[in-house]
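1. Predicted model and sequence below, questions to follow.
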2 protein chains.
Amino acid sequence: MNSSADALLTPGDATDSGAQQIREAIRDAIVERRLAPGTKLSESDVGALFSVSRTLARAALQALSYEGLVSVEKNRGAFVAYPSPEEARQIFAARRLVEPGILRSAAERITAPQLAQLRQLLVEEGRLMGERGQPARRAEIKASGDFHLMLASISGNLIMQRFMEELVARSSLVIALYGQSSASSCGHAEHGDIITALERKDVDTACDLMLHHIAHIEADLDLRERKSFGLKEAFER
Amino acid sequence: MNSSADALLTPGDATDSGAQQIREAIRDAIVERRLAPGTKLSESDVGALFSVSRTLARAALQALSYEGLVSVEKNRGAFVAYPSPEEARQIFAARRLVEPGILRSAAERITAPQLAQLRQLLVEEGRLMGERGQPARRAEIKASGDFHLMLASISGNLIMQRFMEELVARSSLVIALYGQSSASSCGHAEHGDIITALERKDVDTACDLMLHHIAHIEADLDLRERKSFGLKEAFER
DNA sequence: ATGCAAAATATCGTATACACTTTTGGCCTC
DNA sequence: GAGGCCAAAAGTGTATACGATATTTTGCAT
């Protein structure tokens, strides 16, 4: 109770300094497809990679398992999640279920600068669409997710925002796995349409567009049953 | 793999044997209001209580923090979550957002035995309603949550089911904190009405009833700003 | 007596160490 | 030569230990 007024300035959202950073790093690596699904994430290796002990590596992997991005098997270790087609369907079903509602909430509270920010995100997305190569496609997937994430952020509901972060991350994993072609390309125009509808305050149309958008992404997936075959494949190389 | 008849089966994600058990135990204690919001959960104490080391206790507390049931502060420790009124509003907003959708999904897949199970849950709920005393009220809150949880289970979407588990748990915490009267009592009849509508395959009415039901629960809360007063109080004690 | 400051204490953050489970490689047997 | 069994190795599960940080207490000066 002494001293000055630092109390208000503390960032405060850092639960653990180390484990959280590692979590973020691995999460990004998974979402950006630098880590292939099914890859084994040995605690020792992860720890060595980030120059920390197994304790922190383990904590990070546990955290990621709660997000559904890695699956840990008792006494076997942690692996980058390999979502089954059924799981993929459920992820998109969840998105169809919640995103219209989020969109409605966001539409009620959205301000002009926020609309501008959305537009800004869109041009960034378009720029990446123009570029070629794998890294650009990865960034494109990420940018596509950021659009949905910002909508959740605008809705003002932290719980839904957190949930959408999880869904978007897992969606990226699914798209990386089962995506056939330039999946997110067709999504770009749809993002723009949604913003336009939002600007007109035509929420119903915006929701419809969102549902179609999600359906389009899902339709571009090849959800045939390859199942655990790919895991073996990944090791065979 | 779809064994369709699985109803209230815990999702088979036994990552660790020990930590998961402790997590469940503490979770139940929080939901059933044996642990008051704001209570400090020292790692040493938790470990000693369950006869395990701090490592497992810490893992369990971390897991609970991801559910939003405990909040961990850097170098301060873990505390039973003390949801702010704003947080409470967001929790219920989230429920209003997702539960109609879950209900629709469930209605599409529901079978006769599952309807019977729902009815069964209802009579159990009614039985607890008849009893008096704190333990009965706790069980009543839990039973009330189980109704919504079973609906999510019937919907067949594991992701939404997991999300609802989190929402219901946090709702129980909120109700325990801000609930004024016999909040869940009026909910009982509404649960029955929803089942009835479901039996008639009148999904739209069921959704309406669900929305009203959630609104009723929320309306019975006293979401005045008591602020962090209670937390300090808990320490002074 | 009160307020500030510094040491003492308690608790968290991280690393290391040990025990147990799973896997793998080799050897023996059929 | 093939298959199964045993042993060694690797890796996870858990416990303990040490260092860092916040909180409390105590002593001193005003």
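-> Perfect, thanks for sending it.

2. quick one: A:Ala19 and A:Leu64 touch, right?
-> No: A:Ala19 is beyond contact range of A:Leu64, at 10.3 Å (criterion: CB atoms under 8 Å). Placement of C-beta: from N, CA and C, glycine included.

3. Have a look at the two and say which one is more surrounded.
-> Remark: of A:Ala19 and A:Leu64, A:Leu64 carries more neighbours, 24 against 21, as counted by other CB atoms under 10 Å in any protein chain shown.

4. Which positions in chain A make contact with DNA strand D?
-> Residues of chain A lying close to DNA strand D (CB under 7 Å from any atom of the strand) are A:40, A:42-44, A:54-55, A:58, A:72, A:74-78.

5. Try it again at 6 Å.
-> A:42-44, A:55, A:74-75, A:77 (CB under 6 Å from any atom of the strand).

6. are any of the residues you listed buried, and which?
-> A:42-43, A:77 (16 or more other CB atoms under 10 Å in any protein chain shown).

7. ok, the residues of chain A next to DNA strand D vs chain B, which is closest?
-> Of all these, chain B sits closest to A:Lys74, with 6.2 Å by CB to the nearest CB.

8. Pull out the buried positions in stretch A:55-71.
-> For stretch A:55-71, using 16+ other CB under 10 Å, the buried residues are A:56-71.

9. mind checking how far that stretch is from the chain centre?
-> On the basis of CA atoms, centre = their mean, to the nearest Å, stretch A:55-71 is displaced by 16 Å from the centre of the chain it belongs to.

10. ok, and what's touching that stretch?
-> With contact meaning CB atoms under 8 Å, 6 or more residues apart in numbering or on different chains, stretch A:55-71 is reached by A:16, A:18-20, A:22-23, A:26-27, A:30-31, A:41, A:43-44, A:46-47, A:50, A:72, A:78-82, A:166, A:169-170, A:173, B:13, B:15, B:55, B:59, B:62-63, B:66, B:159.

11. Can you tell me which of the residues you listed end up in helices?
-> A:18-20, A:22-23, A:26-27, A:30-31, A:43-44, A:46-47, A:50, A:166, A:169-170, A:173, B:55, B:59, B:62-63, B:66, B:159 (DSSP state H).

12. Which ones, among the residues you listed, also lie beside DNA strand C?
-> A:18-19, B:55.

13. between the residues you listed, which is nearest DNA strand D?
-> B:Thr55 (3.8 Å; CB to the nearest atom of the strand).

14. per-residue pLDDT, the closest residue to DNA strand D within chain A?
-> Relative to DNA strand D, the nearest point of chain A is A:Gly77 (3.3 Å; CB to the nearest atom of the strand). According to the prediction, A:Gly77 has pLDDT 96.

15. Is it in contact with A:Glu43, as I believe?
-> Yes: using CB under 8 Å as the test, A:Gly77 is close enough to A:Glu43 to be in contact (7.4 Å).

16. Domain-wise, how is chain A divided?
-> A:18-82, A:85-219 (automatic domain parsing).

17. I'd like those domains written out as TSV, with distance to B:Glu86 added.
-> Output for those, formatted as TSV (distance: least, CB to CB, whole Å):
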stretch	distance to B:Glu86
domain A:18-82	24
domain A:85-219	9
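
18. least reliable of these going by mean pLDDT?
-> The bottom spot among these, by mean pLDDT, belongs to domain A:85-219, with a mean of 92.

19. Ends of that domain, what's the gap?
-> In domain A:85-219, first residue to last residue: 13 Å (CA to CA, to the nearest Å).

20. Also stretch A:36-50?
-> Termini of stretch A:36-50 sit 19 Å apart (CA to CA).

21. Might you enumerate the residues of chain A proximal to chain B?
-> Residues of chain A lying close to chain B by CB under 8 Å from any CB of the partner chain are A:14-17, A:55, A:59, A:62-63, A:65-66, A:68, A:72, A:74, A:86-87, A:90-91, A:93-94, A:97-98, A:101-102, A:105, A:156-160, A:163, A:167.

22. Filter those residues down to just the buried residues.
-> Buried, going by 16+ other CB under 10 Å: A:15-16, A:59, A:62-63, A:65-66, A:68, A:72, A:87, A:90-91, A:93-94, A:97-98, A:101-102, A:105, A:156-160, A:163, A:167, out of these.

23. residue boundaries of the helices in chain A?
-> Going by DSSP H, chain A shows helices at A:18-31, A:43-50, A:54-67, A:85-109, A:112-130, A:134-155, A:158-178, A:183-199, A:203-219, A:229-236.

24. Buried residues, the second one. List them.
-> For helix A:43-50, burial by neighbour count (16+ other CB under 10 Å) applies to A:43, A:46-47, A:50.

25. of all these, which comes closest to DNA strand C?
-> A:Gly47 (7.1 Å).

26. And for the residue nearest the centre of chain A, nearest residue in space, chain neighbours not counted?
-> Centroid-nearest residue in chain A, with CA atoms, centre = their mean: A:Ala169, separated by 2.2 Å. The shortest distance from A:Ala169 to any non-neighbouring residue, by CB to CB, 6 or more residues apart in numbering or on different chains, is to A:Val31 (5.3 Å).

27. and the closest residue to A:Arg119 other than its chain neighbours, how far is that from A:Lys142?
-> Take A:Arg119 and drop its neighbours on the chain: the residue closest to it by CB to CB, 6+ apart is A:Ile195, 6.3 Å away. A:Ile195 sits 18 Å away from A:Lys142, going by CB to CB, to the nearest Å.

28. Any residues of chain A in contact with DNA strand C? List them.
-> A:2, A:16-19, A:52-56, A:75-76.

29. picking that back up, what's the closest of the residues of chain A next to DNA strand D to A:Pro113?
-> A:Thr55 (43.2 Å; CB to CB).

30. circling back: which residues touch the residue nearest to the centre of chain A?
-> Counted by CB under 8 Å, 6+ apart, A:Ala169 has contacts A:27, A:30-31, A:67, A:69, A:145.

31. at 7 Å what do you get?
-> A:27, A:31, A:67, A:69 (CB atoms under 7 Å, 6 or more residues apart in numbering or on different chains).

32. same deal with A:Leu158?
-> B:Gln90.

33. if you set the cut-off to 8 Å instead, what comes out?
-> A:Leu158 touches B:87, B:90, counting by CB under 8 Å, 6+ apart.

34. go on, A:Glu124?
-> A:Ala143.

35. Pull up the gap between it and DNA strand C, please.
-> 33 Å (CB to the nearest atom of the strand, to the nearest Å).

36. ok, so of the buried residues of helix A:43-50, who is nearest B:Pro113?
-> A:Glu43 (43.6 Å).

37. Quick check: the closest one touching A:Ser53?
-> No: counting by CB under 8 Å, A:Glu43 does not reach A:Ser53; the two are 9.3 Å apart.

38. Just give the nearest non-adjacent residue to A:Ile141, would you?
-> A:Ile141's closest residue in space is A:Ser172 (CB to CB, 6+ apart), at 5.3 Å.
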